[in-house]
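>>> Quick check, what structure comes out for this input:
(chains A and B)
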There are 2 protein chains.
Amino acid sequence: MKLPTTAFADRMQDLRTSDIREILKVTQSPEVISFAGGLPASELLPAVEMAELARDLLLTDGPKALQYAPTEGMGVLRQLIADRLRDRFGLNHEADEVLVVSGSQQALDLTGKIFVDEGDVVLCESPTYLGAINALRAYRPRFVEVPTDDDGMVPAELERRLESNERAKLIYVVPDFQNPSGRRWSVERRRALVEIATRFGVPVIEDAPYAELCFEGDALPPVASFDTGGLVVFLGTFSKILSPGLRLGWVAAGREILQRYVLVKQGVDLHTSSLTQLLAARFILERDLDGHVARLRGVYRARRDAMLAALDAHMPPGVSYTRPAGGLFLWVELQSDLDARELLDRCLVENVAFVPGGAFFTDGGHENTLRLNFSAMPEDRIAEGVRRLARVLCDVLRSDDRQARAACVA
Amino acid sequence: MKLPTTAFADRMQDLRTSDIREILKVTQSPEVISFAGGLPASELLPAVEMAELARDLLLTDGPKALQYAPTEGMGVLRQLIADRLRDRFGLNHEADEVLVVSGSQQALDLTGKIFVDEGDVVLCESPTYLGAINALRAYRPRFVEVPTDDDGMVPAELERRLESNERAKLIYVVPDFQNPSGRRWSVERRRALVEIATRFGVPVIEDAPYAELCFEGDALPPVASFDTGGLVVFLGTFSKILSPGLRLGWVAAGREILQRYVLVKQGVDLHTSSLTQLLAARFILERDLDGHVARLRGVYRARRDAMLAALDAHMPPGVSYTRPAGGLFLWVELQSDLDARELLDRCLVENVAFVPGGAFFTDGGHENTLRLNFSAMPEDRIAEGVRRLARVLCDVLRSDDRQARAACVA
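The predicted structure follows:
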């Protein structure tokens, strides 16, 4: 029996499968040099340490690790997260203002459920994180892109859109080494965001998966650190500093908002895995998470450098890219008449993959952009992959037979 | 800053915290005899076996266990689930018709997202599973209770409600040892349900967490086994046969429906923990899950027997209860003018807890009912708890000073 479209909810018409996850499927084979994923380096995942910790945990605290747990999360982990937020970011949340979630993607879904009615306006950066678009779209908001430069959302542009959108419900931002652009907001812009959001009474969702992965100097104070009115919801994750396979993230917010996250999570999955929560807690208590993160920073910095060096060496004139000071991604803008989706098809023939940038814009367009991941691949593979990408690009430009494109050096 | 109600989505007005989870919070202390939870016996969770398996897994396949994974689930586990569905239940699903979810509670949330627009009708048993009400309520359906007897939903009553509710979108059932009633549907009723649902073209959600926990004879064929049109979605879980702390369940359905579950899950949490998926797969491959389930059946059967013996010995006349042939729960109906919530308050003073039954009815009422769990407590504690419960009940009845209540024997 084929079910008619009317058998399903209206919202299903808006949902599309993520470009990224579909591209990832075709880039599994080892000969592909994939800049498409957002994967941490597999060889740095602390498997041996986790093996001993998991065994000890299950031998000494097994029934707790295998049994049901509170929706809010395991007390020990909530406290460790609160401690880390204070020590790393200067955020002063008690343990009971922290909710453990099943990866920070879940926090985005919960956010939609809590705040968004059909037709409500969600303000976001331009570009913005594709996973957030996908999670929130199920609640049928109208997305409004706020013009964004290298320092973050432009305050005057944000103000103008808040004034003209009565149904503005949320401002969603990724201020540190944003996915996809790699950009980091300046401190002034962070402060301005809180000031404006407070004036309009609109909650801010600060998504900070990459905040600890800064390659030069210290982390900047989060947007949430300027919040005095309990309007900023801070989302974090262990996926980028420890392991994505554990599916562990958190929401930190004032009690008024946090209780709603707890309530909604209860209906959504009861609670996050007791086993993976207690395992992460043991890692923090018995191993050296800070040392581990420092090691990741060093490796990712070298990979970013390799990617930038290769781009500098091989990209033809007219191509620009960001030079991120942290995170996993950089962002490339091609000649305005090029289409990154077509380029991807050609690159896949050469066993190179990336994510076309158009999917990161809620208003469409920007098909001449693309996202490159530099964390998942050693330097020599990065250099080779960028070389191939540049060669394909030059072929396209030459075949277009246009002026100034003879300058291709790939 | 106190946010106005209008800062939140309209659906938040409908959501309430689960009675069960709130009661569980006050029943944590060891002196409480709690019949309130739905917990598997902690002492039977296979912690030592899991300790060795987790260590081996992380040493031999660590990067895979700690890295991102496909939304659909790990291939090895999907295949093992498909095999088990065929061997135990005669269901013929390929591995790619199985989606691994983060506990079957997640499957209920995904179900709401896929099928339910505001005002759509969800048909359910009377009573029905509270967690399903909570998950689906976020999508603002109208619940319609279908009269249900000891053999399941009454077919003529279901037909009548399908005829009179044009917006019927789903039929939700728990045919095996239902939570909360402990009832099991007859084979005839299962077949009739599929026949009626097919005639009306309305999908059936078959929630089967307890199907393997039958104490006498074999499992009955699932509703899904009678489905020829791909209208039945089968939900299962490892929570009751292996460990709830892993947060592992599954959806098995035809490809047309399953692809929508995958699409929606992508936005909701990307994927379920790679570590817990691979750990469950190792348990199935390298240990004896069937033997483990057989052991659970034996222990739970003895506990059910202890509970029934205590109820038979101590309950005053006018109290009735189900005699379930499996699962974790039995269902008590008190004198019609009694309120189980008031009884609970008195019982908590005596350190006995249960869940008042009213929360399991979408239309309200039935405040004279309650749910008792028998899986989480040894026999002597069960006997003592029922004795105390009966004594409190007799006190209430005597204080009411009514006729025929002198017969209390507690």
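>>> Check which helix or strand the closest residue to A:E379 other than its chain neighbours maps to.
By the measure of CB to CB, 6 or more residues apart in numbering or on different chains, the closest residue to A:E379 outside its immediate chain neighbours is A:A306, 3.9 Å from it. Glycine gets a C-beta too; all of them are placed from N, C-alpha and C. Take DSSP states H and E as the rule and A:A306 turns out to sit in helix A:289-314.
>>> Pull the contacting residues for A:G112.
Neighbouring residues of A:G112 by CB atoms under 8 Å, 6 or more residues apart in numbering or on different chains: A:A135, A:L136, A:A138, A:Y139, A:P141.
>>> can you rerun that using 6 Å?
Neighbouring residues of A:G112 by CB atoms under 6 Å, 6 or more residues apart in numbering or on different chains: A:A135, A:L136, A:Y139.
>>> go on, A:C347?
Listed by CB under 6 Å, 6+ apart, the contact set of A:C347 reads A:L389, A:V392.
>>> quick one, phi/psi of it?
Note on A:C347: its backbone torsions stand at phi -70, psi -40 [degrees, to the nearest 10].
>>> what does the model give it for pLDDT?
For A:C347, the pLDDT comes out at 96.
>>> In this structure the residue nearest to A:E379 contacts A:M377, no?
No: here A:A306 lies out of contact with A:M377, judged by CB atoms under 6 Å, at a distance of 8.9 Å.
>>> and A:A192, how many residues sit next to it?
Applying other CB atoms under 10 Å in any protein chain shown, we find 22 residues neighbouring A:A192.
>>> Skipping its backbone neighbours, what lies nearest it in space?
With sequence-adjacent residues excluded and distances taken as CB to CB, 6+ apart, A:A192 is closest to A:P155, at 4.4 Å.
>>> That neighbour: how many residues sit nearby?
When neighbours are defined as other CB under 10 Å, A:P155 has 17 of them.
>>> Any idea which residue is closest to the centre of chain A?
Nearest to the mean C-alpha position of chain A, counting by CA atoms, centre = their mean, stands A:N179 at 4.8 Å.
>>> which residues does it contact?
Taking CB under 6 Å, 6+ apart, we find A:N179 in contact with A:Y129, A:F329.
>>> can you confirm it is in a strand?
No: under the criterion used here (DSSP: H, G, I helix; E, B strand; the rest coil), A:N179 is coil, not part of a strand.
>>> if I look at it, how far off is A:L158?
Here the distance between A:N179 and A:L158 works out to 20 Å (CB to CB, to the nearest Å).
>>> what does A:T5 give?
Per CB to CB, A:T5 is found 37 Å from A:L158.
>>> These two: who's more crowded?
Set side by side, A:T5 and A:L158 show unequal neighbour counts under other CB under 10 Å, the larger going to A:L158 at 27 against 8.
>>> Could you look up the SS state of that one?
Taking three-state DSSP as the rule, one finds A:L158 in the helix state.
>>> Could you find the closest non-adjacent residue to it?
A:V146 (5.0 Å).
>>> so who does the one you found touch?
When contacts are counted by CB under 6 Å, 6+ apart, A:V146 is found next to A:L123, A:M153, A:E157, A:L158, A:R161.
>>> If you rank the residues you listed by neighbours, which is first?
Of the contacts of A:V146, with other CB under 10 Å as the count, A:L158 tops at 27 neighbours.
>>> In this structure A:P180 contacts A:R371, no?
Yes: with contacts defined as CB under 6 Å, A:P180 counts as touching A:R371 at a distance of 3.9 Å.
>>> can you pull out the helices in the stretch 301-410 of chain A?
Remark: helices of the stretch 301-410 of chain A, listed N- to C-terminal, are A:340-349, A:379-399; assignment by DSSP state H, counting those that start in this stretch.
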